[in-house]
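Q: need coordinates for the below:
(2 chains)
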Amino acid sequence: MLDIQLLRNDLDGVAQRLAARGYTLDTTEFQRLEAERKQLQTRTQELQAKRNASSKQIGMAKAKGEDVSAIMAEVANLGTELKSAESALEALQAPLNTLLMTIPNLPHESVPAGKSDTDNVEVSRFGTPRVFDFEVKDHVDVGETLKLLDFATATKISSARFSLMKGGLARLHRALAQFMLDTHTTQHGYTEVYVPYLVNADSMRGTGQFPKFAEDQFGIERDGLYLIPTAEVPLTNMVRDEIVAQDSLPLKFVAHTPCFRREAGSYGRDTRGMIRQHQFDKVELVQLVEPEQSYAALEALTGHAEAILQALGLPYRKMALCGGDMGFSAAKTYDLEVWLPAQNTYREISSCSNFEAFQTRRMQARFRGEKGKPELLHSVNGSGLAVGRTLVAILENYQQADGSVTIPAVLWPYMGGVQAL
RNA sequence: GGAGAGGUGGCAGAGUGGUCGAAUGCGCCGGACUCGAAAUCCGGUAUGGCGGUUUCCGUCAUCGUGGGUUCAAAUCCCACCCUCUCCGCCA
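A: Numbers count the residues shown, from 1 in each chain, chains lettered A, B, ... in the order given. From the prediction side, this is the model:
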């Protein structure tokens, strides 16, 4: 959510910056709603003040045993007038709020211009894609040949876009998550957190999934709970409605969770394999920092995700997303894209973003600084990494001519010494 | 799932219709005393919105959440949520 003051004071400037990410702000509608709101709110509050004063008088008069019928008569009509003013204000505030909640974040000045992923800018590159002297298989063929990956059974048990892993592959999947968690907690200073996988609507609103992306979420209607699409939701909402002490900052949390997404609107995309699933595991990094620190934190956090790819020896590139390709809540995003030989291309494996105060304003997540007044925190997060896609990358990049897959050395301790599948 | 108790400021805790955004204590901030500190004393100390003559003033809202009754609700009524205790069940 943007600062409504900013919209009031510099509407055209905001509209211009939003245009950079391909969003057209209806300034006329906003101004109309705002003008009406101001008029209605002033009117309502005047009536409330009048009522409060009269009620107070009645109270004082009664205490002294005086006759109150004169004042009572005076306030008699106030009630209906006030009620209609209040309901009119409420009726107006709903669309204004919805509008406000559905306006995306302003892109940072360093964000490249552009409309789609083809306009993203490569920032850096690590590793060299391996040259194969045999025909590479994709991860589905690698895994199914080894009899360790079974989509047919997953579909029977559940439905499409679910997967089932067995034996060494299931263990490798677990090993990857363990390795990531250990690295972030021991090397990068994150606190490991175990979180609920079902969260309430307030939490979904806090991080920006609601109201705009409600149809992308799995929900349990009768309980009003929703499956998390990422651990970002529970981790960031830890500070919702909190005022944290400045000396506790920065807060750095890491969690390994399953993530659930409907993938609405992605019909036909990545239907084969584990790339796009309704359920996948992810290790998520979240930082809550002072505003001046958030861009440094974004750089650091992206580096923490890169460290995993480097340790696993997976070639990747770091992309600065252009305005048109960024997510709704982000002010700036780096995507890390891992090399997938079977697709002969780089695919997203981590997305690291600075949200500035966009999420924390919705959540009222603040800290008390030198000014004495509570100030909004900035939130930064990123995948460190998507476990399923990391597994895909290992199966494809480390496949051998005989159909086996060698395992990167850093994972051996987590594999009980097993060095190949 | 059954029975009971309860949700009030940073924390503890009073308040059962009227100058109550809310006593008191703790904590925190400032000051006095002191060579300094402790103790003591004095003062201050919620958040959000709106308006303005914008280091301040005015006003509105907020006592778990949402409705209702009333001129007036922390207080009364209804629904829901949550916490605690006991019983049952359970990984």
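
Q: next one, pLDDT for residue A:105 please.
A: With respect to pLDDT, residue A:105 scores 94.

Q: could you look up the SS state of the closest residue to residue A:336 other than its chain neighbours?
A: Residue nearest to residue A:336 in three dimensions, not counting chain neighbours: residue A:350, with 4.0 Å by CB to CB, 6 or more residues apart in numbering. In short, each C-beta sits where N, CA and C put it, glycine included. State at residue A:350, reduced to three classes by DSSP: H, G, I helix; E, B strand; the rest coil: strand.

Q: burial count for residue A:350?
A: Using other CB atoms under 10 Å, residue A:350 is surrounded by 29 other residues.

Q: ok, it - contacts?
A: Contact criterion CB atoms under 8 Å, 6 or more residues apart in numbering gives A:302, A:305, A:309, A:335-336, A:382-386 as the residues in contact with residue A:350.

Q: okay, and residue A:13 sits in which element?
A: Residue A:13 belongs to helix A:11-19 when assigned by DSSP states H and E.

Q: try residue A:206
A: helix A:201-207.

Q: can you pull the alpha-carbon coordinates of that helix into CSV?
A: Coordinates of each C-alpha in helix A:201-207 appear next as CSV, following Å, rounded to 0.1, in the frame of the first residue of the first chain:
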residue,chain,number,x,y,z
ALA,A,201,-6.8,-13.2,5.8
ASP,A,202,-5.1,-10.4,7.7
SER,A,203,-1.7,-12.0,7.1
MET,A,204,-2.5,-12.4,3.4
ARG,A,205,-3.5,-8.8,3.3
GLY,A,206,-0.3,-7.7,5.1
THR,A,207,2.1,-9.1,2.5
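
Q: now for it, which elements pack on it?
A: The elements that helix A:201-207 packs onto, with contact taken as 3 or more CB pairs under 8 Å, 6 or more residues apart in numbering; DSSP states H and E, are helix A:232-237, helix A:358-363.

Q: quick check: bridge partners of the residue in the stretch 151-300 of chain A that RNA strand B sits nearest to?
A: Shortest the stretch 151-300 of chain A-to-RNA strand B distance, computed as CB to the nearest atom of the strand: residue-wise this is residue A:243, at 6.5 Å. When bridges are called by DSSP bridges, residue A:243 pairs up with residue A:366.

Q: residue contacts, it?
A: When contacts are counted by CB under 8 Å, 6+ apart, residue A:243 touches A:366-368, A:374.

Q: 10 Å - rerun?
A: A:364-368, A:374-375, A:377 (CB atoms under 10 Å, 6 or more residues apart in numbering).

Q: likewise for residue A:67?
A: By CB under 10 Å, 6+ apart, the contact set of residue A:67 is residue A:61.

Q: residue A:52 versus that one, what's the distance?
A: The gap separating residue A:67 from residue A:52 is 21 Å, by CB to CB, to the nearest Å.

Q: mind listing which of the contacts of residue A:350 are in helices?
A: Cross-referencing the contacts of residue A:350 against helices under DSSP state H gives A:302, A:305, A:309.

Q: what does the stretch 151-300 of chain A put close to RNA strand B?
A: Near RNA strand B, the residues belonging to the stretch 151-300 of chain A are residue A:243 when assessed by CB under 7 Å from any atom of the strand.

Q: secondary structure class for residue A:48?
A: Going by three-state DSSP, the secondary structure assigned to residue A:48 is helix.

Q: now do residue A:199
A: When classified by three-state DSSP, residue A:199 comes out as strand.

Q: now for it, how many residues are close by?
A: Using other CB under 10 Å, the number of residues around residue A:199 comes to 21.

Q: also residue A:135?
A: Close neighbours of residue A:135, defined as other CB under 10 Å, add up to 7.
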